[in-house]
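Q: Mind folding the following:
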Amino acid sequence: MNAKHSIAHGISVVFHPLIMPTLAFLFLMNSGFYFTLLSFDAKKIILLIVFLSTFLLPLVSIGLMGLNTRFKPDLNKGPDRVIPMLSTAIFYYVGFYALGRLNVYPVYKVFLISSILIIVVLMIISMRWKISAHMAGIGGLIGAFIALSLRLGLNSSLALSVFIGIAGLIGSSRLILGKHTSVQIYAGFLTGFGVNYLIINYI
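A: This next block holds a predicted model:
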């Protein structure tokens, strides 16, 4: 593996779709929006719930699937992604349910439920066609950020520029690794962006 591929692989790992909700919640909690006014203990509990339900449990579940010799999904194939995505969506809902039992700002629960919808849309598309979940993750974060900025009337162009730069890095990495075509990358980004923007902007 040459240096370019190694860097691309590293970017794909750091910004894996499963870790994006945790990174998004970390940003939301330090974004300066009104809903960042939570105690440190409250933020720790929320992050723990999000980390467990959107990263650790789905990762363990997918790993166990890979150990099953009768069912070992090839995540490079769209149809093989359906069951892992379904189990991931279930864990996400567990996290949403847990957050619903806490006294937190609604935006955190809305963000998580919109993430579930993104997974469902990706799952349906994957039955017929391979789409980039990596780009859906960063697209969802950008869509949510723009929607929040517009609703609250805040100028957040600097942070938005950083996110767009990260999206470019992720998209380029997926192309370098040969995991997706340009169309699949743009489709993933627009799916994540569209779902999160519409839900957060209008709910």
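Q: drop to CA atoms for contacts and neighbour counts, all remaining ones
A: Noted.
Q: show me the contacts for the spatially most central residue of the chain.
A: Nearest to the mean C-alpha position of the chain, by Cα atoms, centre = their mean, lies Gly137 at 3.4 Å. Gly137 makes contacts with 17, 20-21, 189, 192, as judged by Cα atoms under 8 Å, 6 or more residues apart in numbering.
Q: quick one: which two of these are the most distant?
A: Across these, no pair lies farther apart than Pro21 and Phe189, at 15.1 Å, counting by Cα to Cα.
Q: Pull the residues that contact whichever strand or helix holds Val162.
A: Using DSSP states H and E, Val162 sits in helix 157-176. With Cα under 8 Å, 6+ apart as the test, helix 157-176 has contacts from 4-5, 7-9, 11-12, 15, 134-135, 138-139, 142, 145-146, 180-182, 185.
Q: residues of that helix that come out buried?
A: By neighbour count on 16 or more other Cα atoms under 10 Å, the buried set for helix 157-176 is 160, 163, 167, 169-176.
Q: Quick one: mean pLDDT over it.
A: In this model, helix 157-176 carries a mean pLDDT of 92.
Q: Buried residues, the worst-scoring helix or strand of the chain on mean pLDDT. List them.
A: The weakest-scoring helix or strand in the chain, judged by mean pLDDT, DSSP states H and E, is helix 57-67 (a mean of 84). Using 16+ other Cα under 10 Å as the test for burial, helix 57-67 gives 57-59, 62, 65.
Q: ok and the helix or strand following that helix relative to helix 57-67, angle-wise?
A: Proceeding N to C from helix 57-67, the next assigned helix or strand is helix 82-100, under DSSP H and E. Relative orientation of helix 82-100 versus helix 57-67 (axes from the mean of the first three to the mean of the last three Cα atoms, to 10 degrees): 160 degrees.
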